[in-house]
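1. starting from these lines, generate the structure:
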Amino acid sequence: MRIKADVGTIDILGHIIIWFFIILITFGIGAFFFPYSFSKFILNRSYFVDESGASRKMKCQTDMFGSIGHVILWILISIITFGIGYAFYFYKVWNYSLNNTIIE
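-> Here you go, the predicted model:
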């Protein structure tokens, strides 16, 4: 079994540009929503391939605003730790996203 990602360069570029402007417009607050979008972006373009070669699509069932309490908590942690907590936040979001991903 393996996981295969099908992420195109143009898709990545578009995603980065959109989030760059969102982060600028929100004066950095958007940076706390970016990890949710990033993980969902990758996971929704990934496939689970079994031994026989059959692929099944992965679907991340998170939304950026569904975990607003999680975001607020990590904003506070990041402020208290002068930004160091954000590195841990990114990992926790991936953990959350993987735990909320199904294989169709």
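
2. drop to CA atoms for contacts and neighbour counts, all remaining ones
-> Noted.

3. ok, and the closest non-adjacent residue to the residue nearest to the spatial centre of the chain?
-> The centroid of the chain falls nearest to residue 39 when counting by Cα atoms, centre = their mean (2.2 Å). In space, and not counting its chain neighbours, residue 39 is closest to residue 94: 6.2 Å by Cα to Cα, 6 or more residues apart in numbering.

4. hang on, the one you found in a helix?
-> Yes - Residue 94 sits within a helix when classified using DSSP: H, G, I helix; E, B strand; the rest coil.

5. that one: how many residues sit nearby?
-> By the criterion of other Cα atoms under 10 Å, residue 94 has 17 neighbours.

6. contact partners for it?
-> By Cα atoms under 8 Å, 6 or more residues apart in numbering, residue 94 lies in contact with 35, 36, 39.

7. from the residues you listed, pick the one nearest residue 68.
-> residue 36 (11.0 Å; Cα to Cα).

8. pull out the buried residues from the helix or strand harbouring that closest one.
-> In the assignment (DSSP states H and E), residue 36 maps to helix 34-43. Buried residues in helix 34-43, counted by 16 or more other Cα atoms under 10 Å: 34, 35, 36, 37, 38, 39, 40, 41, 42, 43.

9. how far does the longest strand seen in the chain sit from its chain's centre?
-> What stands out as the longest strand in the chain, according to DSSP state E, is strand 55-60. Strand 55-60 has its C-alpha centroid displaced from the chain centroid by 15 Å (Cα atoms, centre = their mean, to the nearest Å).
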